[in-house]
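Prediction below, plus the sequence it came from.
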Amino acid sequence: MNFVLIFGPQAVGKMTVGQEIEKMTDLKLFHNHMTIELLAPFLGFEPKMWKLSNLIRTEIFKAVAETKQAGLIFTYVWAFDQQEDWDYVDRICEIFESNGANIYFVELEADLEERLERNKSPHRLQHKPTKRNVDWSENELKQTMEEYRLNTYEGEIKRENYIKINNTKLRAVEVAKIVAEKFDL
């Protein structure tokens, strides 16, 4: 089994790259907004929503990790200056590693201008209803960028199976091909 974690700031293309990897492989995509979109209409973006989202995600990870499936792709906005995010990623990886899975880290980065354009793309808005208030979403993107460090420093990720890609000028299918070839997915 393979577990591919695609991470980076909002609107960098995590879901879209994950969708392309899913098309090329037998891996299934579980993008982070799948739980957000389920819960936000009931709980908003409050701590209870995030707690329940993480609980649901964890149970899905456990269930998938125990199957004979080829694996899972998961997307995540990782705040590298927050220890709780490092701990969360470690817990997710442990679920899969304890079941013999290979772990692959894919970090995406893109220029702010490109991310602001992607933030309002029809594809993104189709899959992420909570982003349809584009003014709110754009402000949240900028605020999060100021409040947290959403890309790594050089050498910060110590995992063997790790790649960092600046996809500002790359199409999602190109990035997916790079990832699939690099990790032999």
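Great, that's in hand.

so after the strand ranked longest in the chain, what's the next helix or strand?
When the chain is parsed with DSSP state E, its longest strand is strand 102-109. Going down the chain from strand 102-109, the next helix or strand is helix 112-119, by DSSP states H and E.

contacting residues around that following helix?
9-13, 110, 124, 131, 134, 137-138, 141, 145, 168-169 (Cβ atoms under 8 Å, 6 or more residues apart in numbering). Placement of C-beta: from N, CA and C, glycine included.

Buried residues, stretch 98-113. List them.
Buried residues in stretch 98-113, counted by 16 or more other Cβ atoms under 10 Å: 101-110.

Let's see the pLDDT reported for residue 52.
At residue 52, the model reports a pLDDT of 95.

where does this structure have its least confident helix or strand?
helix 122-127 (a mean of 82; mean pLDDT, DSSP states H and E).

And that one, what does it pack against?
Contacts defined by 3 or more Cβ pairs under 8 Å, 6 or more residues apart in numbering; DSSP states H and E place helix 122-127 against helix 14-24.

Buried residues, the helix or strand that the helix it packs on is followed by. List them.
Next helix or strand after helix 14-24 toward the C-terminus (DSSP H and E): strand 28-30. Using 16+ other Cβ under 10 Å as the burial criterion, the residues of strand 28-30 that qualify are 29-30.

ok, strand 28-30: who's next to it in the sheet?
Partners of strand 28-30 in the sheet, by DSSP bridges, are strand 71-76 (parallel).

And the next helix or strand after the partner strand, what's buried?
Under the assignment DSSP H and E, the closest C-terminal helix or strand after strand 71-76 is helix 83-97. Neighbour counts over helix 83-97 (16+ other Cβ under 10 Å) mark 85, 88-89, 92-93, 95-96 as buried.

Stretch 111-131 too?
114-116, 118-119, 124-125, 128, 130-131.

okay, who's weakest in the residues you listed by pLDDT?
Per-residue pLDDT puts residue 130 lowest of the buried residues of stretch 111-131, at 74.

Surely it is in contact with residue 35?
No - using Cβ atoms under 8 Å, residue 130 makes no contact with residue 35, being 11.4 Å away.

Buried ones in the lengthiest helix in the chain, by neighbour count?
What stands out as the longest helix in the chain, according to DSSP state H, is helix 47-65. Residues 49, 52-53, 57, 60-61, 64-65 are the ones in helix 47-65 that count as buried (16+ other Cβ under 10 Å).
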